[in-house]
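*Asks:* Need a 3D model of the following:
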Amino acid sequence: MFIDTHCHLSGEDYDDIDKIIEEDKNAMVDKIVVSGCSKESIEEVLVLKDKYDIVYATLGYHPEYASIITEDDLNYLKKILDNEKIVGIGEIGLDYHYGKENIDKQKWLFESQLKIAEELNLPVIIHSRDATLDTINILKKYRVKGIIHCFSGSLETANIYIKMGFLLGIGGVLTFKNSKLKEVVKEIPMESIVLETDSPYLTPVPFRGKQNSSKYLKYIAEYISDIKDIDIDEVSKITSRNACNLFDFK
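*Replies:* Sure thing, here's the model as predicted:
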């Protein structure tokens, strides 16, 4: 069985979500953690978690929305987090890829949500793009645990996050031809790895170019199996245990 610790699921991306969920189950996916990271997607994910038994949720405001999120939005987020199928806050973080024009607002939003996570003792799903140093320095200020979503950094950065107690979300990027992530995965412990798809994005080889979904988790697991020279069942067992411990899945 596999657990997808981070994906996106919406009617905008998928014509038939019932079919997607059925395909995921047939592919031995036991749980999928869907991220609601905008005002609109949060409302949709709240419905999905109740409709599908394998769907759990993390909710939070992505840094790309930093300029429009208000204190009222944060108060609303805090209010809705108390639900057994809402297992974390995210994806939250920093994204400087397209510039740093709103850097102060991004940092404010990031820290505001980390404070909520610390207060409610919820895991965080961290988005960090071209902002590694600021992300690390901010995280060090809070007593939080969680996942560095879509990790693709250096071994040095991986070890810093691991030492801080974070898990690394490994997805389809691992399977890409020129990805340097293979060398990192080879060196880090399995106890620090969880699987994710970030679907509908970052579809793994051999389906790259097609729409991604949780059913492709096994292809990421196969790459890890080859890199670490362990059985794929062991990859499934360890990564699922890591996810269960973090999200308190029973």
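
*Asks:* Please make it C-alpha for all contacts and neighbour counts, starting now.
*Replies:* Will do.

*Asks:* show me the contacts for E222.
*Replies:* Residues counted as contacts of E222 (Cα atoms under 8 Å, 6 or more residues apart in numbering) are I232.

*Asks:* ignore the last one, F2
*Replies:* 28-31, 195, 217-218, 236-237, 239-240.

*Asks:* Nearest residue to it in space, please, no chain neighbours.
*Replies:* Once flanking residues are discounted, F2 sits nearest to V29: 4.6 Å by Cα to Cα, 6 or more residues apart in numbering.

*Asks:* so what's the spatially closest residue to D231 that is not a sequence neighbour up against?
*Replies:* The spatial neighbour of D231 that comes closest, neighbours along the chain excluded (Cα to Cα, 6+ apart), is S225 at 5.8 Å. Contact analysis of S225 by Cα under 8 Å, 6+ apart lists 231-232, 235.

*Asks:* List the buried residues in the helix or strand hosting S225.
*Replies:* Take DSSP states H and E as the rule and S225 turns out to sit in helix 217-228. Neighbour-count burial for helix 217-228, counted by 16 or more other Cα atoms under 10 Å, picks out 217-225, 228.

*Asks:* repeat for stretch 225-242
*Replies:* 225, 228, 232, 235-236, 238-242.

*Asks:* who does the top strand by length along the chain touch, helix- and strand-wise?
*Replies:* When the chain is parsed with DSSP state E, its longest strand is strand 86-95. Applying 3 or more Cα pairs under 8 Å, 6 or more residues apart in numbering; DSSP states H and E, we find strand 86-95 packed against strand 29-36, strand 55-59, helix 103-120, strand 124-129.

*Asks:* Next, format those as CSV and append distance to M164, mean neighbour count and mean pLDDT.
*Replies:* What follows is those, written out as CSV (distance: least, Cα to Cα, whole Å; neighbours: other Cα atoms under 10 Å; pLDDT from 0 to 100):
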stretch, distance to M164, mean neighbour count, mean pLDDT
strand 29-36, 23, 25, 98
strand 55-59, 21, 26, 98
helix 103-120, 15, 18, 98
strand 124-129, 13, 24, 98
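
*Asks:* Nearest approach to S10 belongs to which of the ones you listed?
*Replies:* Closest of the helices and strands packed on strand 86-95 to S10 is strand 29-36, at 9.5 Å (criterion: Cα to Cα).

*Asks:* Kindly provide the distance from I188 to T70.
*Replies:* Computed as Cα to Cα, to the nearest Å, the I188 to T70 distance reads 39 Å.

*Asks:* Looking at the two now, which is surrounded by more residues?
*Replies:* I188 (16 against 11; other Cα atoms under 10 Å).

*Asks:* L122: what's its closest spatial neighbour, skipping adjacent residues?
*Replies:* G88 (5.2 Å).

*Asks:* Across the sheet, point out what pairs with that neighbour.
*Replies:* T58 (DSSP bridges).

*Asks:* Any figure for the gap between it and V34?
*Replies:* Using Cα to Cα, G88 is found at 10 Å from V34.

*Asks:* now swap in E111 and tell me
*Replies:* Applying Cα to Cα, the value for E111 to V34 is 22 Å.

*Asks:* Fine by me, thanks again.
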